[in-house]
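1. Give me coordinates for this.
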Amino acid sequence: MNSYIDAASSAARAAGDLLRLHFGKPLEVNAFEAHDIKLDLDVQSQDLITSMLLERFPDHAILGEEGLAGNQDSDWHWIVDPIDGTVNFFYGIPHFCVSIALRHKDQIVAGIIYDPMRDEMWEAARGASPTLNGAPIAVSQRTQLSDAVLSVGFSKTKTTISAGLPLLEKYVKRARKCRLMGSAALDLAYVACGRLDAYIEQSVSLWDVAAGQLLVETAGGQFESTPREDNPQKISVCASNGRIDLELGI
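-> Next comes the predicted model:
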């Protein structure tokens, strides 16, 4: 997996350089949506990642938030989120990342998440220990919900917001702290390295969580996902250290 990890890391760092260059400056907005913003910089970032990955692996496919590229019949698909946390980025909040995963047939085999503002690079490969800036990481050892710090994500529809609010209310009362941080990929990276104990989200896309899923699993945690009946393109996610009873049935 080393050649794949190296290629993904190089592409993510190049995209991260682009994002840092534009952070805090006027941005071209392609669309304002009810709970989201689409930037031209999202497209630029994905185009840069796509060109670098397909130069190395011309027979591979790209599946990204900003569209498809490459050979879509390939068994190898790069799953790309060029800016995870676009709203944070637009508002000048330095909490966003680049997420790149590699799927071979139906299995995620490699993934990286790069936070360009903190210069933190998480890397994971199937069957190997994940790392943060080259150092091995693992999920937290906490076992009690009362000791836990959780992230409860909120999606972009009335249905998913309504489903998330009762969870937030419950965990605010039972956990040590709840956070709403605005980047699914970074939430999963934080679970993988023990900063968070769990991340729960009602509706996300594959590119939001593909690399993070592998990070959590290889770091010793649990990742569960369920396709949404109301939108087959979205999934509900619960990722944790696997040691805490999240009392999801209560």
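
2. List the contacts of the residue most central in space within the chain.
-> Ranked by distance to the mean C-alpha position of the chain (C-alpha atoms, centre = their mean), the top residue is Ala185 at 1.8 Å. By C-beta atoms under 8 Å, 6 or more residues apart in numbering, Ala185 lies in contact with Asp81, Asp84, Gly85, Cys97, Ser99, Ile113, Asp208, Val209, Ala211, Gly212. Just so you know, the C-beta spots here come from the backbone N, C-alpha and C atoms, and that holds for glycine as well.

3. element containing Asp42?
-> helix 40-56 (DSSP states H and E).

4. I would like the residues contacting that helix, please.
-> By C-beta under 8 Å, 6+ apart, helix 40-56 touches 3, 7-8, 10-12, 14-15, 18-19, 22, 27-30, 60, 62, 64-67, 69-70, 78, 80, 82-83, 86, 89, 98, 100.

5. Grab the CA positions of it and hand them over as PDB.
-> Output of helix 40-56 as PDB, limited to C-alpha atoms (Å, rounded to 0.1, in the frame of the first residue of the first chain):
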ATOM      1  CA  ASP A  40     -15.200  27.200  -6.700                       C
ATOM      2  CA  LEU A  41     -12.200  26.200  -4.600                       C
ATOM      3  CA  ASP A  42     -13.800  22.800  -3.900                       C
ATOM      4  CA  VAL A  43     -13.600  22.200  -7.600                       C
ATOM      5  CA  GLN A  44     -10.100  23.500  -7.900                       C
ATOM      6  CA  SER A  45      -8.900  21.300  -5.000                       C
ATOM      7  CA  GLN A  46     -10.500  18.100  -6.500                       C
ATOM      8  CA  ASP A  47      -9.100  18.900  -9.900                       C
ATOM      9  CA  LEU A  48      -5.600  19.100  -8.500                       C
ATOM     10  CA  ILE A  49      -6.000  15.900  -6.500                       C
ATOM     11  CA  THR A  50      -7.500  14.200  -9.600                       C
ATOM     12  CA  SER A  51      -4.600  15.200 -11.900                       C
ATOM     13  CA  MET A  52      -2.000  14.000  -9.400                       C
ATOM     14  CA  LEU A  53      -3.600  10.600  -8.700                       C
ATOM     15  CA  LEU A  54      -4.500   9.800 -12.400                       C
ATOM     16  CA  GLU A  55      -0.900  10.800 -13.400                       C
ATOM     17  CA  ARG A  56       0.300   8.100 -11.100                       C
END
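
6. buried residues in that helix?
-> Buried residues in helix 40-56, counted by 16 or more other C-beta atoms under 10 Å: 41-50, 52-54.

7. Stretch 235-250 now?
-> In stretch 235-250, counting by 16+ other C-beta under 10 Å, buried: Ile235, Ser236, Val237, Cys238, Ala239, Ser240, Asn241, Gly242, Arg243, Ile244, Leu246.

8. follow-up on the earlier one: tell me the secondary structure for the residue nearest to the centre of the chain?
-> Following DSSP: H, G, I helix; E, B strand; the rest coil, Ala185 is assigned to helix.

9. chain center to the helix or strand bottoming out on mean pLDDT in the chain, what's the gap?
-> Taking mean pLDDT, DSSP states H and E as the measure, strand 29-33 is the helix or strand of the chain with the lowest mean score, a mean of 79. Distance of strand 29-33 from the chain centroid (C-alpha atoms, centre = their mean, to the nearest Å) equals 21 Å.

10. So what are the sheet partners of it and their directions?
-> If you go by DSSP bridges, strand 29-33 pairs up with strand 36-39 (antiparallel).

11. what's whichever helix or strand Val172 is part of packed up against?
-> Assigned by DSSP H and E, Val172 belongs to helix 158-174. With contacts taken as 3 or more C-beta pairs under 8 Å, 6 or more residues apart in numbering; DSSP states H and E, helix 158-174 sits against strand 149-153, strand 177-179, strand 198-204.
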